[in-house]
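[1] Got a predicted structure plus its sequence, pasted below:
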Amino acid sequence: MEGRRRFLKGAAASAAALIAAPAVCTTAGVTAQTPAPATPPRAGTPLPSASLAAAETTPPPVRTDVYTTDRPGADFMVDVIKTLGFDYIAANPGSAFRGLHESFINYGNNKAPELLTCCHEESSVAMAHGYAKIEGKPLMVMAHGTVGLQHASMAIYNAYADRVPVFIVLGNILDGQWRRSDVEWAHSVQDCAAMVRDYTKFDDTPVSLNGFAESAIRAYKIATTPPMGPVVLVADAVLQEEPVSPEDRQRLRVPKLSPTSPPSGDPAAVADLAKMLVAAENPLLIAGRPARTPNGLKLLVELAELLQAPVMDRRQRMNFPTRHPLYGTGSLATADMILGLEVPDFWQVLHSQTPLNRMGMEAKLLIRPDAKVVSLSTMDLLMKSNYQDFGRYNEVDLAIAADAEATLPSLIEACRKLITGDRRRVFDARGAKLADAAKKMQAQALQDAAWGWDASPITTARMSAEIWNQIKNEDWSLVNDVVFQSFWPTRLWNFTKHYQFIGGHGAYGVGYNAPAAVGAALANRKYGRLTVNIQSDGDLNYAPGVLWTAAHHRIPILNIMHNNRSYHQERMYVADMAARAQRDVSRVGIGNDITDPNIDYATMAKAYGMFSIGPIENPADLGPAIKRGIEVVKRGEPVMIDVVSQSR
């Protein structure tokens, strides 16, 4: 710290010595003084030749401004942020937070938090999104003014819809008198967070350092209280850069963080729910995002086993072991009691709608008319009207607005007290039937995966099977959504641990997966886990610079490129529209296919400094390539294996 200040003062002194006039410098930032120039000759008066030579060779007097300070406001901001326990800051550098940037690396010594250099603000936020779902706490993001937040906005919306905490510090120059150029005017704004306020939990623009401290603690507290979500804290550039006097330092203080307990269900409502579950002949548990932590997974298994009730997993978190006999064996059509646990868009789960290739819109209920339906979710506690990620209104018999994981212990205990010997025998008989159904379902998945085994392009089933053969004895973590591989990983792999799957986008914004996977891999790194990412090609092309971030920061991750050379979901939609209009379906690749030329992702990754293999088209080459890639990842490096694959 003192070395940095001595260097700045020394540099100022050297600059002053280079000009003819003496400079005066103080730690308060006094402008250097220069003598007034001599009276110039009248216009039209010829100059002596000696004067002409001097004019050509002698530079004009230079006016220099020298600014040094022992403690800028950003140093105190760093003190505040360090109390929140961030391990990392993801940021694409920007001048609106240059004061904080410098203080983090010098005053904060670039440790706890450590800066991660990102090539795009959307990547910064998506990395924080993936990191939080593994580590269980936020990663900090810094963004630059208007343009930085606009770049970041899609990733912020994904995190909001996925109910994931992200802590964003946004630089801005609020007072127009301090904006030094047209760039700073274009990048500054009156109300910074207005553009993302509809999909964040909290924002504030403090105008004092103590205000910044209080708002930072409050923002962290709000972000990490279920239902979780992103928050934005504006750090004014003047507060960052201007000095703090010794007297003012004495008045600065960092408030204590007091985490809020997650809201649990009302005891009377929980008792009513327990009665319904125990009395039901065919209960069904639907899991959206109930397992916030490893304990959430454990509790859901305990409840399901207590009731011998099947679990329909929406695959939005790692909620339930995939080879458990109660996994995926239930039926909406036969259930007489349905409990939705943190299920986004519950209505959509319980209804079917008219397919795309039919005219009009009709909806059909998929459950028995007499089935009891209960929701246990924090969704009702955080809802905005403009961005409608909440889905259609769903009628239920009982709505418990509470955190599912926090409520499960009391629900399990209430159920246990009601179970008699007779009900236990009913439950055991039900469990035996479900276990038999689970064995048949797993056998069918293996049989289905064999179709097209030797095909080229490579099937997504074989891709998933080859990966599983290489990682099944490792401590692994899958950090991509599985919908684009037709759910083959969850059909073929044995998921048992909370960190082995993190769910998907939240708002389904393309461009999420690649940076979120790198953020998750960063969280996995300290535990020595093998991070696996089956990466969609269209998604990577939004912000491929995250490959460089992974290589630069030595973040080990095994990327398997699902290179189907198309935005395939949109291709299917256009094919549906063409068939509906009885027109040419052979032309639907126009505007959707990523071909002519084909993108060589192995070469792309190599250009960013990442070890790469491929493109692989022969399925027999895939297993050895994955084995080689894992060897490199275990050395602490990221890897890209480009696999030319079938659509899904």
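    All right, it came through fine. The structure presented is a predicted model; accordingly, all values stated were derived computationally and were not measured.
[2] Any buried residues in stretch 121-131, and which?
    121, 122, 123, 124, 125, 126, 127, 128, 129, 130, 131 (16 or more other Cβ atoms under 10 Å). For the C-beta atoms, the positions are set from N, CA and C on the backbone; glycine is no exception.
[3] Mind checking which of these are in helices?
    Among the buried residues of stretch 121-131, the ones falling in helices (DSSP state H) are 121, 122, 123, 124, 125, 126, 127, 128, 129, 130, 131.
[4] could you show me where the strands are in the stretch 101-250 of the chain, in order?
    Using DSSP state E, counting those that start in this stretch, the strands found in the stretch 101-250 of the chain span residues 114-117, 140-144, 167-172, 202-204, 231-236.
[5] Please name the strands paired to the last one in the sheet, noting orientation.
    Pairing partners of strand 231-236, with direction, according to DSSP bridges: strand 167-172 (parallel), strand 202-204 (parallel).
[6] can you count the residues close to residue 112?
    Number of residues near residue 112 (other Cβ atoms under 10 Å) recorded here: 12.
[7] Sorry, slip of the keys, the one I care about is residue 457.
    That count, for residue 457 with other Cβ under 10 Å as the rule, works out to 18.
[8] distance of it from residue 316?
    For residue 457, the distance to residue 316 equals 29 Å [Cβ to Cβ, to the nearest Å].
[9] Same question for residue 323.
    Per Cβ to Cβ, residue 323 is found 19 Å from residue 316.
[10] what comes up buried for stretch 524-541?
    Here stretch 524-541 shows 524-525, 529-541 as buried, counting by 16+ other Cβ under 10 Å.
[11] Spatially central residue (nearest the centroid) of this protein, please.
    Central residue of the chain (Cα atoms, centre = their mean): residue 129, 1.7 Å from the mean position.
[12] for the stretch 351-500 of the chain, what spans make up the helices?
    Using DSSP state H, counting those that start in this stretch, the helices found in the stretch 351-500 of the chain span residues 404-418, 421-449, 460-471, 488-492.
[13] Check the stretch 201-350 of the chain too.
    209-223, 237-241, 246-251, 267-279, 294-307, 346-350.
[14] pLDDT of the longest one, averaged?
    If I follow you right, that is helix 209-223. Helix 209-223 shows a mean pLDDT of 98 in the predicted model.
[15] Would you mind getting the angle between that helix and strand 231-236?
    What separates the directions of helix 209-223 and strand 231-236 is an angle of 170 degrees, with axes from the mean of the first three to the mean of the last three Cα atoms, to 10 degrees.
[16] With the fifth one instead?
    Between the axis of helix 294-307 and that of strand 231-236 there is an angle of 170 degrees, by the same axes, to 10 degrees.
[17] Flag every buried residue along helix 294-307.
    Buried residues in helix 294-307 (16+ other Cβ under 10 Å): 296, 297, 299, 300, 301, 303, 304, 306, 307.
[18] which strands and helices sit next to that helix?
    Counting contacts by 3 or more Cβ pairs under 8 Å, 6 or more residues apart in numbering; DSSP states H and E, helix 294-307 is packed against strand 283-287, helix 404-418.
[19] Would you tell me which one of these is buried the most?
    strand 283-287 (a mean of 25; mean count of other Cβ atoms under 10 Å).
[20] Direction included, what does that one pair against?
    Sheet pairing of strand 283-287 (DSSP bridges) gives strand 311-313 (parallel), strand 337-341 (parallel).
[21] Burial check on residue 261, number of neighbours?
    9.
[22] what residue ranges in the protein score low on pLDDT?
    Along the chain, the model assigns pLDDT under 70 to residues 1-67, 356-357.
[23] how about 90 then?
    1-70, 353-362, 383-385, 389-390, 483-484, 567-573, 575-581, 589, 647-648 (pLDDT under 90).
[24] just to revisit the earlier point, what's the closest of the strands of the stretch 101-250 of the chain to residue 94?
    Among the strands of the stretch 101-250 of the chain, the nearest to residue 94 by Cβ to Cβ is strand 140-144 (2.3 Å).
[25] Report the contact partners of residue 270.
    Taking Cβ atoms under 8 Å, 6 or more residues apart in numbering as the criterion, residue 270 is in contact with 400, 407, 410, 411, 414.
[26] at 10 Å instead, please
    Contact analysis of residue 270 by Cβ atoms under 10 Å, 6 or more residues apart in numbering lists 264, 376, 398, 400, 402, 407-415.
[27] Same check on residue 537?
    Contacts of residue 537 by Cβ under 10 Å, 6+ apart are 561-568, 594, 598-599, 601, 642-645.
[28] returning to what we had before: of the ones in helices among the buried residues of stretch 121-131, which is the nearest to residue 607?
    Checking those against residue 607 with Cβ to Cβ, the nearest one is residue 123 at 16.8 Å.
[29] I figured that closest one hits residue 515, correct?
    Yes. Using Cβ atoms under 10 Å, residue 123 is in contact with residue 515, at 4.0 Å.
[30] list residues touching both of these two?
    What both residue 123 and residue 515 touch, as defined by Cβ under 10 Å, 6+ apart, is the set 90, 155, 542, 543, 544, 545, 546, 549.
[31] Which members of these occur in strands, if any?
    Among the shared contacts of residue 123 and residue 515, DSSP state E puts residue 90 in strands.
[32] what about residue 323 and residue 316, which has more around it?
    Each of residue 323 and residue 316 has its neighbours counted (other Cβ under 10 Å); residue 316 has more, 23 against 13.
[33] what's the spacing between the nearest residue to residue 284 once chain neighbours are set aside and residue 647?
    Distances taken as Cβ to Cβ, 6 or more residues apart in numbering place residue 335 nearest to residue 284, at 3.8 Å, with adjacent residues excluded. According to Cβ to Cβ, residue 335 and residue 647 sit 33 Å apart.
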